[in-house]
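**Q** Take a look and give me a structure for this.
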Amino acid sequence: KMDAVGDAYVVAGLFPPTESETPSRAPSDSSASGARAKADELTAAINAQRVCEGLLRVGREMLLALEDYRAETGKDIHCRIGVAVGPVVSGVLGQLQPRFHIQGTGVRAAEGLEQTAPRTDALHVSRAFLMCLQSPTR
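**A** Numbers count the residues shown, from 1 in each chain. Presented below is the predicted three-dimensional model:
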């Protein structure tokens, strides 16, 4: 759990920056930097795919745990899960009661998917999330 918004919980996965997105310490020639950029692109796609697969597993585990809870307690409790990718910022906000928050278009997209989910007890994912799950070598 990264954050709570009302009765919703926010979970986030990080796509680590590639070498080309981090400050360089030494100048390089253009042919080497072109090859490095292609390698960075493939590495970024593989990392994004792994993060999305991890988030998908978390969502599945949440649904299975809820199913087990219903079977054990007989309570009719359900959930909707929205999953999206996009830029976010995070940090601790507040002086009296400091709390960790995460905000951004990725969070807003996931909230929208959760709120408009056509059915309960299912993952409602964005098109961008599905694209990240596809093989990066296609």
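
**Q** so where's this protein shaky on pLDDT?
**A** Low-confidence segments of the chain (pLDDT under 70): 1-7, 15-32, 135-138.

**Q** So which residues of it form strands?
**A** Using DSSP state E, the strands of the chain run over residues 3-5, 8-10, 81-83, 89-93, 99-103, 123-125.

**Q** The fourth one: which residues count as buried?
**A** If I follow you right, that is strand 89-93. For strand 89-93, the neighbour count (16 or more other C-beta atoms under 10 Å) marks residue 90 as buried. Where C-beta positions appear, they are placed from N, C-alpha and C, glycine not excepted.

**Q** Would you mind getting the angle between it and strand 99-103?
**A** Inter-element angle recorded for strand 89-93 and strand 99-103: 150 degrees (by axes from the mean of the first three to the mean of the last three C-alpha atoms, to 10 degrees).

**Q** Quick one: list the elements packing against the longest helix that the chain contains.
**A** Using DSSP state H, we find that the single longest helix of the chain is helix 30-73. Applying 3 or more C-beta pairs under 8 Å, 6 or more residues apart in numbering; DSSP states H and E, we find helix 30-73 packed against strand 81-83, strand 123-125, helix 127-133.
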